[in-house]
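# Fold the following, please.
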Amino acid sequence: MNLVSANNLSLSAGERVLFDNLTFGIDHDSRIAVLGRNGCGKSSLLRLIAGFRTPETGIISRNRELKTAFLEQIPSFSGDETVGEFILAGDSAEMELIRAYESAVSAQDGYDTSSVLSGLMEQMDRLDCWTLENRIHSILGELGISSLNGKMSSLSGGMVKKAALARTLVPESNLIILDEPTNHLDIETISWLEKYLKKSGKALLMVTHDRYFMEAVCDRILEIDDSRVFFYNAGYNKYVELKSARDEAAMRSEDKLKNIIRNELEWIKRGPRARAGKDKKRKERFFDLKDGLPEKSAESSSFSVEVRRLGGKILEIGNISKSFDGVSIIKDFSCSFRKGYRVGVLGANGSGKTTLLNLMAGRLEPDSGTVEAGVNTKIAYYDQMMKELPGEMRAIDYIKETAVVIKLKDGGTIGPAAFLERFLFSKDQQYTEIERMSGGEKKKLFLLKLLLENPNFLILDEPTNDFDIQTLSILEDFLNDFSGCLVVVSHDRFFLDRTTDFMFVLDGNGGVSGFAGDVSDYYAAADVPAVSVQNAESGKDRKTRTNKDKGLSYNEKRELESIEEKIMDLESAKDKLEAFFTSSSSVDEINLKKKEYDSILKEIEEKYERWNDLETRNRG
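This is a model prediction of the structure:
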C-alpha cells in the first residue's frame, strides 16, 4: 500500500536551491534513510512529508489511512510542561482519556475506589484503551522513564530525547519520521530502538548520521547531493559501494571533459590572428565547459597537522572520586596514560561520562585523589556546551586568529582557506559571518579551531552530534592520523570503532572498568571480564601476556600466549583488504577479494571467542 507520493518537489533556501524535481513514494513497508551534507535540505524534506512545510513546486499526495509520527531533531516544549503532558500530547479521544487517567492515578497516589478514578476506568474499558496504556508503559520502561510528574525543563539532553522518542512511538501510526533519532541517546537505548523499529512493521523515513543504526533498520537510501537527488535500493554498506562506483564514473567523465577543455584552451591561447575566421562561439563554449566541471571533493584528501611532542609523563590519574549530592559518580579511578592511547568512554545516560572528562581536563576538582598532566601535555577539550562564537566574524578570520600558516605532519604547510576546504567549508562559507551559519557549521568551526591549537591530548564529548556523514568520515581520517592521545565520549558506534581501541566502561554506580578492544568487540563479548584500567594496554600496544595462573593445561597456556598475535595478524590482513576495497575501481576485483575478507572476519570472530574462553578460565 502506498502511503505517500511526492511528485516534482522543489525547495530553496534563499537563492540556493536545496533540491528540484524530486519524485518518490513511501510504501507501507518502506524504510528510507535521507543522506547529504549539512544544509542540503534533509530536515526540510522530512518536514515537507510530515506536512509541516509546503513545497515551492510539486504535489504531495497522502493516503487516507496515513497516520504519521514525527520526531523533531530538537524537541520543543514549554517551561512548565510535565513529562506526562509532553509524552501523552495528542487530541485523540483515547490520548485525552489516558492523560486524565494518569493524572488521576498520580493524584490518588495509587489505585483506589474513588468515583473519579472508577469513572475513568469505565471509560477506558469502553474505548478499549488498555492496550494503548500497556504499550505506553512498556515504552516508558524500556526508555528508563519512571516518573511522569517531573518538569521537562529539569531533564538532561539525553532524557529529553528519550521523552521525545516516547512521544513519537506511543500513538498509533503507520509512518514514523525521525530526524536524528540517536543524538544524545546512549548506546543501549540505540540498540533497543533498532530492534523496536525492525519489529514494528511500520514505514520509516529518517535522517541519521549513525551508520550502524542506518544499516540495521533501512533498506533504501535517498541522497541529496548538490541539489540533485539519487536513489539507492540498498542499505548503507551497499550504498557506499554503489556511490563509489557512481563517483568513479563521474571522475572518468570529468577526465574526458578536461581533455576537451585542454584542447579548447590551447586554441584560445593562439591569439586573435590564429583564430581569425573561426567560430566566434567557440570561446563561449570553453567557458560553458569549464563551468560544467564538478567541484573537487575535499573529502577525498587525507592529511594531518603537526602535533607537539608528548613527554614521558602524559596524564596520571590516581584514585580519584567524585560525588554530587551524596551520589557517587566516579569512585577510586586510576589510569596512567601512555602515548597512543585511543580511548572510548561507554556508559548509560547519567552514568558520569562527562564528569570523568571534566576531571581529566582539570575543569572539575576530584573529592579525593589526584590528576596530574605532564609538562608537555596540551589538552584540547571539545565539549557539548560549546562557547558562544563571535557572530560578526567571518569563518576564515576566526581560524586565522589561531593560525595563518598550518604545519602538516609531512613537513608541508597549508593556509586557513585550504584547511577549511578540507573540512567541506566552501569558499562562500569561509567568508560568511558566523552568526549566519547553522548550528552544525558553528560546531565544526569550533572543533577545527581546537585542532589548530596544536594539542597532543584530545578530549571529545559527543563530537558526532550535528555533523553529517561526510564530515564525520573526514574527522575520523584526521583522528586516525593524530599521533597524540585521544579520549572520546560518543553514542556513535561506527565513529568509536574507527577512532578508538580501548574502552572505559562506567557502570553508573561510580565504577570504571577497562576493556581492551573497540566498541563492537565490547558488545560482542560483553561477558568478558573487564581488565584493570590501571594496568591495561591500549589495543595498538597489546603484547603477548605470560600466564602464571593455574586453570589451564600447558598446551592451553601456550595457545593463549600466541592467540593475540594471530588475532593482530588477522586484523592487519583485514585492514589491508579494506584499504584495497576503498582504492580499487574494479567491481570484479572487489567481489573476488570479498570471499577472502569474509573468511578473515569469520576467523577473527572464532579467535576472539577462543581467547575469551581461555582468558576467562585462566582468570578463574
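
# Wasn't Leu140 part of a helix?
Yes. Counting by DSSP: H, G, I helix; E, B strand; the rest coil, Leu140 is located in a helix.

# Thought Ala166 was touching it, still the case?
Yes. Using Cβ atoms under 8 Å, Leu140 is in contact with Ala166, at 5.9 Å. Any C-beta I mention is one placed from the backbone N, CA and C, and that applies to glycine too.

# what kind of secondary structure is Leu424 in?
coil.

# hey, what's in contact with both of Leu140 and Ala166?
Ile87 (Cβ atoms under 8 Å, 6 or more residues apart in numbering).

# got the contact list for Arg211?
By Cβ under 8 Å, 6+ apart, Arg211 lies in contact with Tyr236, Ile469, Asp492, Phe494.

# Now the phi/psi pair for it, please.
Here is the backbone geometry of Arg211 (degrees, to the nearest 10): phi -70, psi -40.

# Identify each buried residue in stretch 172-182, please.
Going by neighbour count (16 or more other Cβ atoms under 10 Å), the buried part of stretch 172-182 is Ser173, Asn174, Leu175, Ile176, Ile177, Leu178, Asp179, Glu180, Pro181, Thr182.

# swap in stretch 508-523?
Residues of stretch 508-523 classed as buried: 510-519, 521-523 (neighbour count, 16+ other Cβ under 10 Å).

# Format these as JSON lines; extra columns: distance to Lys442 and pLDDT.
Formatted as JSON lines, the buried residues of stretch 508-523 follow (distance: Cβ to Cβ, whole Å; pLDDT from 0 to 100):
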{"residue": "Gly510", "distance to Lys442": "35", "pLDDT": "93"}
{"residue": "Gly511", "distance to Lys442": "36", "pLDDT": "93"}
{"residue": "Val512", "distance to Lys442": "32", "pLDDT": "93"}
{"residue": "Ser513", "distance to Lys442": "36", "pLDDT": "91"}
{"residue": "Gly514", "distance to Lys442": "35", "pLDDT": "90"}
{"residue": "Phe515", "distance to Lys442": "34", "pLDDT": "89"}
{"residue": "Ala516", "distance to Lys442": "36", "pLDDT": "87"}
{"residue": "Gly517", "distance to Lys442": "34", "pLDDT": "87"}
{"residue": "Asp518", "distance to Lys442": "30", "pLDDT": "87"}
{"residue": "Val519", "distance to Lys442": "28", "pLDDT": "89"}
{"residue": "Asp521", "distance to Lys442": "34", "pLDDT": "86"}
{"residue": "Tyr522", "distance to Lys442": "32", "pLDDT": "88"}
{"residue": "Tyr523", "distance to Lys442": "33", "pLDDT": "86"}
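
# For those residues, please prepare a markdown table with the additional fields distance to Ser76 and secondary structure.
A markdown table is the format used below for the buried residues of stretch 508-523 (distance: Cβ to Cβ, whole Å; DSSP: H, G, I helix; E, B strand; the rest coil):
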| residue | distance to Ser76 | secondary structure |
| --- | --- | --- |
| Gly510 | 35 | coil |
| Gly511 | 37 | coil |
| Val512 | 35 | strand |
| Ser513 | 38 | strand |
| Gly514 | 40 | strand |
| Phe515 | 38 | strand |
| Ala516 | 43 | strand |
| Gly517 | 40 | coil |
| Asp518 | 36 | coil |
| Val519 | 32 | helix |
| Asp521 | 39 | helix |
| Tyr522 | 35 | helix |
| Tyr523 | 33 | helix |
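
# for those residues, which one is nearest Lys202?
Of all the buried residues of stretch 508-523, Tyr523 has the smallest distance to Lys202: 25.9 Å, by Cβ to Cβ.

# Return the subset of the buried residues of stretch 172-182 lying in strands.
Residues of these located in strands (DSSP state E): Leu175, Ile176, Ile177, Leu178, Asp179.

# ok, the fourth one - contacts?
In this structure, Leu178 makes contact with Leu71, Thr168, Leu204, Leu205, Met206, Val207, Thr208, judged by Cβ under 8 Å, 6+ apart.

# Identify the bridge partners of it.
Beta bridges link Leu178 to Leu71, Met206, judged by DSSP bridges.

# And it, how far from Gly51?
Distance, Leu178 to Gly51, by Cβ to Cβ, to the nearest Å: 16 Å.

# and Val371, how many neighbours does it have?
Other residues lying near Val371 total 18 when counted by other Cβ atoms under 10 Å.

# and of the buried residues of stretch 172-182, the nearest to Thr402?
Nearest to Thr402 among the buried residues of stretch 172-182 is Glu180, at 29.4 Å by Cβ to Cβ.

# The closest one touches Phe213, doesn't it?
No. Using Cβ under 8 Å, Glu180 is not in contact with Phe213, being 10.5 Å away.

# Would you format the contacts of Arg211 as TSV with secondary structure and distance to Ser147 included?
Output for those, formatted as TSV (DSSP: H, G, I helix; E, B strand; the rest coil; distance: Cβ to Cβ, whole Å):
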residue	secondary structure	distance to Ser147
Tyr236	helix	37
Ile469	helix	36
Asp492	coil	29
Phe494	helix	34
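
# which one of the residues you listed has the most neighbours?
Neighbour-wise, the contacts of Arg211 (other Cβ under 10 Å) top out at Asp492, 28 neighbours.

# For that residue, grab phi and psi.
With angles defined as degrees, to the nearest 10, Asp492 sits at phi -90, psi 100.

# what's the spacing between it and Met437?
Using Cβ to Cβ, we find Asp492 at a distance of 23 Å from Met437.

# Same check on Ser200?
36 Å.

# Give me the more crowded residue out of those two.
Shown here are Ser200 and Met437; by other Cβ under 10 Å, Met437 has more neighbours (20 against 14).

# I'd say that one and Gln430 touch.
No. At 10.8 Å, Met437 does not count as touching Gln430 under the criterion of Cβ under 8 Å.

# Just put the buried residues of stretch 508-523 in a markdown table and tack on distance to Phe423.
A markdown table is the format used below for the buried residues of stretch 508-523 (distance: Cβ to Cβ, whole Å):
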| residue | distance to Phe423 |
| --- | --- |
| Gly510 | 38 |
| Gly511 | 38 |
| Val512 | 33 |
| Ser513 | 35 |
| Gly514 | 32 |
| Phe515 | 31 |
| Ala516 | 32 |
| Gly517 | 29 |
| Asp518 | 24 |
| Val519 | 24 |
| Asp521 | 29 |
| Tyr522 | 30 |
| Tyr523 | 30 |
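
# So which of those is the closest to Gly484?
Distance to Gly484, by Cβ to Cβ, is smallest for Asp518 among the buried residues of stretch 508-523, at 18.8 Å.

# Need the nearest residue in space to the closest one, chain neighbours excluded.
Leaving aside its chain neighbours, Asp518 sits nearest to Asp497 (4.7 Å; criterion: Cβ to Cβ, 6 or more residues apart in numbering).

# where does the chain have low pLDDT?
Applying pLDDT under 70 to the chain flags the ranges 108-114, 252-304, 306, 526-551, 554, 581-588, 590, 612, 615-617, 619-620.

# what about Glu559, which helix or strand?
Glu559 belongs to helix 554-583 when assigned by DSSP states H and E.

# So which elements touch that helix?
Packing partners of helix 554-583 (3 or more Cβ pairs under 8 Å, 6 or more residues apart in numbering; DSSP states H and E): helix 587-619.

# Just give me how far the helix it packs on sits from the chain centre.
Put simply, helix 587-619 sits 26 Å off its chain's centre (Cα atoms, centre = their mean, to the nearest Å).

# and stretch 384-393, which residues are buried?
Within stretch 384-393, the residues scored as buried using 16+ other Cβ under 10 Å are Leu389.

# ugh, wrong one, I meant stretch 223-232
For stretch 223-232, a neighbour-count test (16+ other Cβ under 10 Å) marks Glu223, Ile224, Asp225, Ser227, Val229, Tyr232 as buried.
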